[in-house]
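Participant: This is a predicted model, with the sequence first.
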Amino acid sequence: MVEGKLAETTVKVWDDGDADKIHTELYYGKYIEEEYLQLSLVEAMHLVDREELEILSEGKVLDRDEAYQLFAEKDDEFDQKYAVYDDLRDRGYIVKTGFKFGTHFRVYPRGVNPYKEGPKEDREHTQWIVHAVPENYNQSYQEMSRAVRLAQNIRAKMLWAVVDSEREVTYYRVGRVTP
(Lines give C-alpha, C1' and ligand atoms only; values in the text may rest on other atoms or scores of the structure.)
Protein backbone atom coordinates (compact mmCIF):
# COMPACT_ATOMS: atom_id res chain seq x y z
CA MET A 1 0.00 0.00 0.00
CA VAL A 2 1.36 3.40 -1.00
CA GLU A 3 1.23 6.27 1.49
CA GLY A 4 0.24 9.78 0.46
CA LYS A 5 -0.04 12.97 2.47
CA LEU A 6 -2.91 15.40 2.03
CA ALA A 7 -1.70 18.89 1.15
CA GLU A 8 -4.55 21.38 0.64
CA THR A 9 -6.23 20.15 -2.58
CA THR A 10 -3.72 17.49 -3.64
CA VAL A 11 -2.12 14.35 -2.26
CA LYS A 12 1.67 14.01 -2.34
CA VAL A 13 3.50 10.69 -2.64
CA TRP A 14 7.26 10.64 -1.95
CA ASP A 15 8.20 6.95 -2.03
CA ASP A 16 10.04 6.72 -5.34
CA GLY A 17 9.38 3.07 -6.18
CA ASP A 18 5.68 3.09 -5.37
CA ALA A 19 5.14 6.58 -6.75
CA ASP A 20 6.84 5.59 -9.99
CA LYS A 21 4.63 2.49 -10.35
CA ILE A 22 1.48 4.55 -9.82
CA HIS A 23 2.65 7.15 -12.34
CA THR A 24 4.38 5.09 -15.03
CA GLU A 25 2.33 1.89 -15.03
CA LEU A 26 -1.10 3.11 -13.93
CA TYR A 27 -0.90 6.69 -15.31
CA TYR A 28 -1.91 8.56 -12.17
CA GLY A 29 -0.57 11.90 -11.05
CA LYS A 30 2.13 14.29 -12.14
CA TYR A 31 5.70 14.58 -10.92
CA ILE A 32 6.54 17.96 -9.44
CA GLU A 33 10.18 18.87 -10.08
CA GLU A 34 11.08 15.16 -9.81
CA GLU A 35 10.62 15.58 -6.05
CA TYR A 36 7.25 13.93 -5.45
CA LEU A 37 4.19 12.60 -7.26
CA GLN A 38 1.18 14.90 -6.99
CA LEU A 39 -2.26 13.31 -7.19
CA SER A 40 -5.50 15.19 -7.65
CA LEU A 41 -8.23 14.48 -5.11
CA VAL A 42 -10.18 12.31 -7.57
CA GLU A 43 -7.05 10.32 -8.45
CA ALA A 44 -6.26 9.80 -4.77
CA MET A 45 -9.84 8.73 -3.98
CA HIS A 46 -9.81 6.29 -6.87
CA LEU A 47 -6.59 4.73 -5.57
CA VAL A 48 -8.05 4.56 -2.04
CA ASP A 49 -11.08 2.73 -3.42
CA ARG A 50 -8.76 0.26 -5.15
CA GLU A 51 -6.74 -0.23 -1.96
CA GLU A 52 -3.56 1.07 -3.62
CA LEU A 53 -3.21 4.19 -1.44
CA GLU A 54 -3.72 5.30 2.12
CA ILE A 55 -3.92 8.99 2.90
CA LEU A 56 -2.40 10.70 5.90
CA SER A 57 -3.88 13.94 7.17
CA GLU A 58 -2.44 15.58 10.26
CA GLY A 59 -0.58 12.37 11.12
CA LYS A 60 -3.70 10.17 10.94
CA VAL A 61 -4.62 7.64 8.25
CA LEU A 62 -8.02 8.54 6.82
CA ASP A 63 -10.54 5.81 6.17
CA ARG A 64 -12.42 5.86 2.88
CA ASP A 65 -15.45 7.79 4.16
CA GLU A 66 -13.31 10.37 6.00
CA ALA A 67 -11.26 10.97 2.86
CA TYR A 68 -14.36 11.30 0.68
CA GLN A 69 -16.03 13.77 3.06
CA LEU A 70 -12.86 15.84 3.43
CA PHE A 71 -12.32 15.97 -0.34
CA ALA A 72 -15.96 17.01 -0.89
CA GLU A 73 -15.48 19.83 1.61
CA LYS A 74 -12.38 21.03 -0.25
CA ASP A 75 -14.00 20.87 -3.72
CA ASP A 76 -17.68 21.73 -4.27
CA GLU A 77 -17.67 19.71 -7.52
CA PHE A 78 -15.92 16.67 -6.06
CA ASP A 79 -18.98 14.40 -5.98
CA GLN A 80 -19.80 14.67 -9.68
CA LYS A 81 -16.13 14.81 -10.71
CA TYR A 82 -15.37 11.63 -8.80
CA ALA A 83 -18.41 9.81 -10.21
CA VAL A 84 -17.21 10.61 -13.75
CA TYR A 85 -13.53 9.89 -13.05
CA ASP A 86 -14.39 6.55 -11.46
CA ASP A 87 -16.68 5.61 -14.35
CA LEU A 88 -14.09 6.46 -17.00
CA ARG A 89 -11.30 4.61 -15.16
CA ASP A 90 -13.56 1.57 -14.66
CA ARG A 91 -14.11 1.56 -18.43
CA GLY A 92 -10.34 1.37 -18.92
CA TYR A 93 -9.63 4.91 -20.07
CA ILE A 94 -6.64 6.96 -18.97
CA VAL A 95 -7.90 10.15 -17.35
CA LYS A 96 -5.78 13.24 -16.69
CA THR A 97 -6.66 16.74 -15.53
CA GLY A 98 -8.21 19.08 -18.06
CA PHE A 99 -7.50 22.20 -16.01
CA LYS A 100 -5.41 23.98 -18.62
CA PHE A 101 -8.24 23.45 -21.12
CA GLY A 102 -10.88 24.86 -18.80
CA THR A 103 -12.55 21.51 -18.22
CA HIS A 104 -12.34 18.73 -15.67
CA PHE A 105 -10.63 15.94 -17.60
CA ARG A 106 -8.64 14.92 -20.67
CA VAL A 107 -9.29 11.32 -21.65
CA TYR A 108 -7.00 9.07 -23.64
CA PRO A 109 -8.07 5.88 -25.41
CA ARG A 110 -7.44 2.52 -23.79
CA GLY A 111 -3.95 1.14 -24.17
CA VAL A 112 -2.05 4.32 -25.03
CA ASN A 113 0.86 5.86 -23.17
CA PRO A 114 0.10 9.52 -22.38
CA TYR A 115 3.75 10.01 -21.37
CA LYS A 116 5.21 8.89 -24.70
CA GLU A 117 8.34 10.85 -25.56
CA GLY A 118 9.38 12.20 -28.92
CA PRO A 119 8.11 14.70 -31.47
CA LYS A 120 4.64 16.07 -30.85
CA GLU A 121 3.18 14.37 -33.93
CA ASP A 122 4.32 10.96 -32.63
CA ARG A 123 2.89 11.36 -29.12
CA GLU A 124 -0.48 10.04 -28.02
CA HIS A 125 -3.30 12.53 -28.20
CA THR A 126 -6.28 13.31 -25.98
CA GLN A 127 -9.42 11.81 -27.49
CA TRP A 128 -12.00 13.64 -25.39
CA ILE A 129 -12.22 16.51 -22.99
CA VAL A 130 -14.88 15.88 -20.38
CA HIS A 131 -16.73 18.22 -18.07
CA ALA A 132 -18.68 16.72 -15.16
CA VAL A 133 -21.94 18.39 -14.15
CA PRO A 134 -24.92 17.48 -11.94
CA GLU A 135 -28.22 16.66 -13.64
CA ASN A 136 -29.77 20.00 -12.67
CA TYR A 137 -26.89 22.03 -14.19
CA ASN A 138 -27.77 25.11 -16.26
CA GLN A 139 -25.40 26.65 -18.75
CA SER A 140 -25.44 29.29 -21.41
CA TYR A 141 -25.03 28.63 -25.12
CA GLN A 142 -21.86 30.71 -24.95
CA GLU A 143 -20.34 28.39 -22.33
CA MET A 144 -21.18 25.36 -24.44
CA SER A 145 -19.85 27.00 -27.59
CA ARG A 146 -16.53 27.90 -25.94
CA ALA A 147 -16.08 24.34 -24.71
CA VAL A 148 -16.81 22.85 -28.14
CA ARG A 149 -14.46 25.26 -29.93
CA LEU A 150 -11.69 24.56 -27.45
CA ALA A 151 -12.12 20.82 -27.98
CA GLN A 152 -11.90 21.29 -31.74
CA ASN A 153 -8.78 23.43 -31.38
CA ILE A 154 -6.96 20.58 -29.66
CA ARG A 155 -8.40 17.94 -32.02
CA ALA A 156 -10.56 16.35 -29.32
CA LYS A 157 -14.27 15.74 -28.84
CA MET A 158 -16.25 17.56 -26.13
CA LEU A 159 -18.25 15.42 -23.73
CA TRP A 160 -20.58 16.66 -21.03
CA ALA A 161 -20.83 14.02 -18.30
CA VAL A 162 -24.14 14.41 -16.48
CA VAL A 163 -24.30 12.79 -13.05
CA ASP A 164 -27.79 11.98 -11.76
CA SER A 165 -28.96 11.64 -8.17
CA GLU A 166 -28.05 7.92 -8.15
CA ARG A 167 -24.49 8.80 -9.29
CA GLU A 168 -25.07 7.26 -12.71
CA VAL A 169 -23.22 9.03 -15.50
CA THR A 170 -24.60 9.82 -18.95
CA TYR A 171 -22.26 11.28 -21.58
CA TYR A 172 -23.37 13.76 -24.19
CA ARG A 173 -21.10 14.60 -27.08
CA VAL A 174 -21.54 18.16 -28.22
CA GLY A 175 -20.03 19.24 -31.52
CA ARG A 176 -20.08 22.10 -33.94
CA VAL A 177 -22.02 21.71 -37.16
CA THR A 178 -21.39 24.11 -40.01
CA PRO A 179 -23.82 24.32 -42.92
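Facilitator: Received, thanks.

Participant: On the three-state scheme, V148 is what?
Facilitator: Under DSSP: H, G, I helix; E, B strand; the rest coil, the three-state class of V148 is helix.

Participant: dump the residue contacts of it.
Facilitator: V148 makes contact with M158, V174, G175, R176 under the criterion C-beta atoms under 8 Å, 6 or more residues apart in numbering. Using the backbone N, CA and C atoms, a C-beta is placed for each residue, glycine as well.

Participant: burial count for the second one?
Facilitator: Translated: V174. Using other C-beta atoms under 10 Å, V174 has 14 neighbouring residues.

Participant: The last one now?
Facilitator: For R176, the neighbour count with other C-beta under 10 Å is 10.

Participant: repeat for A156
Facilitator: 20.

Participant: hang on, L70 packs against S57?
Facilitator: Yes. Counting by C-beta atoms under 8 Å, L70 touches S57, with 6.8 Å between them.

Participant: Please enumerate the shared neighbours of those two.
Facilitator: By C-beta under 8 Å, 6+ apart, the residues touching both L70 and S57 are L6.

Participant: Break the chain down into its structural domains.
Facilitator: Using automatic domain parsing, the domains assigned to the chain come out as 2-74, 78-174.
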